[in-house]
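1. Generate a structure from the sequence data that follows.
(one chain, ligands or ions: 3)
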Amino acid sequence: MAGEPSGRRERTATSEERLRAAEADLRTADERFRLLVEGARDLISYRFRLVPERRFEHVSNGVESVLGVSAQSFLDDPTMWDKLIHPEDRAKAGGALDPSAPVVMRWRRADGEYVYLQHRRMPVHDADGNLIAVEGVAHDVTDAVLAREELEASERRFRSLVLNVSDLIIVVDQRGELQYASPSLERILGWAGEDQNQGLDGSRVHADDLPRLRAAFANAKPPGAATATTTARIMHKDGSWRWLEFSVTDLLDDPTVGGYVVVARDVTERKDAEDQLVHQALHDALTGLPNRALFLDRLGLAISRLERRSGLAAVFFLDLDYFKVVNDSLGHSAGDQVLVTVADRLARCLRDGDTAARLGGDEFAVLCDDLVDEGEALQIAERLGSALAAEPVAVAGRELVVTASIGVAIANHATQRPESLLRDADAAMYRAKERGRARCELFDAAMRARAIARLETEAALREALDHKQLSLAYQPEVVLADGRLVGAEGLLRWRSGRGPEGSPLEFIAVAEETGLILPIGAWVVREACRHLARWRELAPDRAPTSVSVNLSGRQLSRSDLPDLVTEALTETGLEPQSLCLEVTESVLMDDVETAVAALKVLKAVGVDIAVDDFGTGYSSLAHLRRFPVDILKIDHSFIAGLGRNPEDAAIVRAVLALAKTLDLAVVAEGVERPDQLDQLRALGCERAQGRLFSPPLAEPAFAELLVGG
Ligand code: C2E
Ligand code: MG
Ligand code: MG
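-> Ligands and ions are numbered 1, 2, ... in the order given. Purely as a prediction, here's the structure:
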C-alpha cells in the first residue's frame, strides 16, 4: 500500500480516505472481537500455523482460565497440542475443518483433569489455495457433555428396566391409542406386533371387569399420589383369561408422555390360589359339593327371591341310613366312596339352579327353587330317594344299597330364616328315621310344635340347672346271694314344677342336643360323689361301696372329662374305685375308636366302667375285648321276659358266659318280679337292681334306708 503512485493517490483521495476509514473500522471490529475473546474467560481463540512451521501463532488468554496453562506456553511449545489432547481424541483433530461442524475433544487441564472443549475450526489458505493455518475458537462444554451423558445413561437404564421388567408397561394416549407397550405384553398376553393395538377398546377385557378397569382410568392420579390397584381379566391370545393387576398413572399433563402410564402384572396364579381358598372355604373337600355355609347362603337368596316371585322353595335334608355300619364294618375309605357316589347321584338328578350340599358326615341337603306346591316338593324328595337307591353302590367288593331318610321343609314367605328352615327339614328327617327310614317326611305344624316345645324345654332346663331344680335319685344295686346293698345308681330327676316328672330320657335328649348335658353331667358326677362321701359318714358299715352315674356320648368324647372326674374324687376324698361310670352300649358302638380312647383315659384314672343297656347295641366280642370295661348291665328288656320267654333266658345265659370269658361283672337291670329273681339266681347272675328291691329313691330317703335299714 505504501508504494502506490501519488497521482492516483490524488485522484482517489476520497476513495482512499474511505478505504482507510473502512480499515480503521475493521480494525476496531477486529479489536473489539479480540477484546471480547480475550476477555471471555471460557473462550479460547487460537491460530495454529502449519507452514512454514507448526506453531501457535496466537492463543487467547481464555486458555489460562480453561486449562490452567498460559497462552505463552502454547506459543513457546508447538507440541502443546499433542501433549494436552486426550490420546483417544487426537484423531478428531485431523478431521475436516468446518466451522459448522464443531468437534469436541478432551483436553487435560494443568491439574490433570480432562475438560471437554468444543472447537469450531476454519482453514486459512494462502493465495494459491494451500492450507497454511487453522483458525479456531474453543470453549468448555464439560458441564453440558456430562449432563447429557448422565441423561443418556439414565435413559438407557430406564429403557433396559422397562424392557426387562416382568411387569407390563404400556402408555396410552388421551384418545385411548397405544403409544408404547413393553415387550412383556407378548410374554404375558401373547399379543405382538399389529395385534397389540387391537383390544384397547376393551374388547379383550372380561365384561365383568371392564367397568372396574374403566374406573381405574377415570380415577387415575398423577404420579406421586397413591395409586390404587385394580385387577381385571384380560384375554390371552390363546383365548384363556389372565388376571392382571393394574395401576394407572395419569401423565396427561406431562408433555413428554401426554397419556396414561399403565403398569400391569400377571397375578393369575395368585388369583387362582385365592379362588381355590374361597372354594375350599365353601365346599366340601371330599365330594366337592357346597358346604353348609354356602348352602345357607344360597338358601338365604332363594328365600329373599320369594318376596318378588310367586312359588315355593324347598329344603331337603337327607341322612343316609345305616351309614355308620358301612364306616365301621368296611372302613372309612369305603364310607368315603359311598359319600362321593351319593353326592354324584344327587347332583345328577337336579336341575340347573338347584343346590346339593354336604352338611357333614352322612348328611346332605338339597335346595330347589321355583316350585308350584308341596306336592312338587314331595315328588322331588321321592326322586332324590330313588336316585340314591336305584342302583347298588359297589364298594370293597360288595354291592350296597344306599337309602336315605329325607326331611322336607318348605319356604313360602320371605321372612323365614335359612337356619330355621334347615332345622325344620332336619326335624322332618328325624321323623322319617323314626318311621322306618328310607322314606321322606314333610315338616308340619305338629313337628313345629314339638320343635318349639324342645326350645322351651331347653330354656327351662337351663334355668333348672341354675336354680338347683335338678336332683339325683338313687337306685340300690344288690348282691343276689344275700340281698346286700353294694352299689347305688344315680338317676337324674327334674322337678320343674310344670306337672309330673317326665322320664329323664326326654329332657336328657334335649340336653344332649343343646350341649347342656355337659354342665349337667359334670354336676351329676360331683353330686353323686358328694352323696357317697356323706353316706359313708352317716353309715360307715352299710354305705354302698360304689356309686354309679350315667354318661352321655357327648360327655364321653370331651377331653376334659378325666380332669372333671379326678376333681370330683379329690374334692370328696373318695378313692377312684368308688365311682362307676355307665356308658350305654349304643354310645360305645356309635364311634368305637373314640370310645376306646376315652375309656382308656378314664380307666387310667382308676374308676370302674360299666356297659349300660347291654344287649341293645349290637356289640361283638371283638369290640368288647377292646373296651376297657369292668361291668355289663343287662338291659331290662331281656330281664322282662325271664321266666316267660325262653329266648330271653338264652340271651341272659349267653351274656353271663361272655362276661365270664372276659372276666367282667354282670348286673341285671329292671328286676321287678320274684320269678325273674329266681331265674337270675339259677343262671348264676350275681348282682341286680330293680323295683323288686327298691325303686330309685330321693337322696334323703336313700340315706334313711342306710341308717334305718
Ligand atoms: P338306665 O341307666 O338304664 O337307668 C335305669 C332305668 O331303669 C331308670 O330309668 C330306672 O328308673 C329304671 N328302672 C328302675 N327299676 C326298674 C324296674 O324295675 N323296671 C323297669 N322297667 N325300669 C326300672 P330312668 O330313671 O327313667 O332313667 C332312664 C335313663 O335315663 C337311664 O337309663 C339313663 O340312660 C338315663 N339317665 C338317667 N340319669 C342320667 C344322667 O344323670 N345322665 C345321663 N346321661 N343319663 C341319665
Ligand atoms: Mg344306667
Ligand atoms: Mg340301663
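
2. C-alpha from now on. contacts and neighbour counts both.
-> Noted.

3. need the residues of the protein near ligand 3, please.
-> The chain comes close to ligand 3 at residues 612-613, as judged by Cα under 5 Å from the ion.

4. Pick out the residue closest to the middle of the chain.
-> Centroid-nearest residue in the chain: Leu277, 4.6 Å away (criterion: Cα atoms, centre = their mean).

5. Remind me which helix or strand it belongs to.
-> helix 268-282 (DSSP states H and E).

6. buried stuff in that helix?
-> Buried residues in helix 268-282, defined by neighbour count with 16 or more other Cα atoms under 10 Å: 268, 271, 279, 282.

7. Any chance of the residues you listed in a markdown table with pLDDT as columns?
-> Compiled in a markdown table, the buried residues of helix 268-282 are given as follows (pLDDT from 0 to 100):
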| residue | pLDDT |
| --- | --- |
| Thr268 | 91 |
| Lys271 | 88 |
| His279 | 90 |
| Leu282 | 94 |
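
8. Spatially nearest residue to the residue in the chain positioned nearest to ligand 3, not counting backbone neighbours?
-> Closest approach between the chain and ligand 3, counting by Cα to the ion: Asp613, at 4.1 Å. Residue nearest to Asp613 in three dimensions, not counting chain neighbours: Asp635, with 4.0 Å by Cα to Cα, 6 or more residues apart in numbering.

9. What are the contacting residues of the helix holding Leu277?
-> Contact with helix 268-282 is made by 242-244, 290-294, as judged by Cα atoms under 8 Å, 6 or more residues apart in numbering.

10. with those in mind, which one is nearest to Arg308?
-> Relative to Arg308, the closest of the contacts of helix 268-282 is Leu294; by Cα to Cα it sits at 22.1 Å.

11. Please tell me how far Gly202 sits from Ala215.
-> Here Gly202 is placed at a distance of 12 Å from Ala215 (Cα to Cα, to the nearest Å).

12. same deal with Ser70?
-> For Ser70 relative to Ala215 (Cα to Cα), the value is 68 Å.

13. Between these two, which is the more surrounded one?
-> Under the criterion of other Cα atoms under 10 Å, the comparison of Ser70 against Ala215 puts Ser70 first, with 17 against 11.

14. Is that one in contact with His58, as I believe?
-> No. Between Ser70 and His58 there is no contact under Cα atoms under 8 Å: 11.8 Å.

15. same for the helix or strand containing Ala528, what does it pack against?
-> Secondary structure assignment for Ala528, by DSSP H and E: helix 517-538. Here helix 517-538 touches strand 470-479, strand 485-494, helix 504-514, strand 546-551, helix 553-556, helix 561-572, helix 699-708, going by 3 or more Cα pairs under 8 Å, 6 or more residues apart in numbering; DSSP states H and E.

16. ranking these by mean pLDDT, which is last?
-> Per-segment mean pLDDT for those reaches its minimum on helix 504-514, at a mean of 87.

17. Can you pull out the residues in contact with that one?
-> 454, 457-458, 461, 492-494, 517-518, 552, 554.

18. Tell me the buried residues in that helix?
-> 507-508, 510-512.

19. ok, which stretches of the stretch 51-200 of the chain are strands?
-> For the stretch 51-200 of the chain, applying DSSP state E, counting those that start in this stretch gives strands covering 55-59, 103-108, 114-125, 131-140, 168-173, 178-181.

20. Mean confidence (pLDDT) on the fourth one, please.
-> Averaged across strand 131-140, pLDDT comes to 89.

21. which strands and helices sit next to it?
-> So strand 131-140, by 3+ Cα pairs under 8 Å, 6+ apart, packs with strand 43-49, strand 114-125.

22. Quick one: closest of those strands to ligand 1.
-> Ranking these by proximity to ligand 1 (Cα to the nearest ligand atom) places strand 114-125 first, at 99.7 Å.
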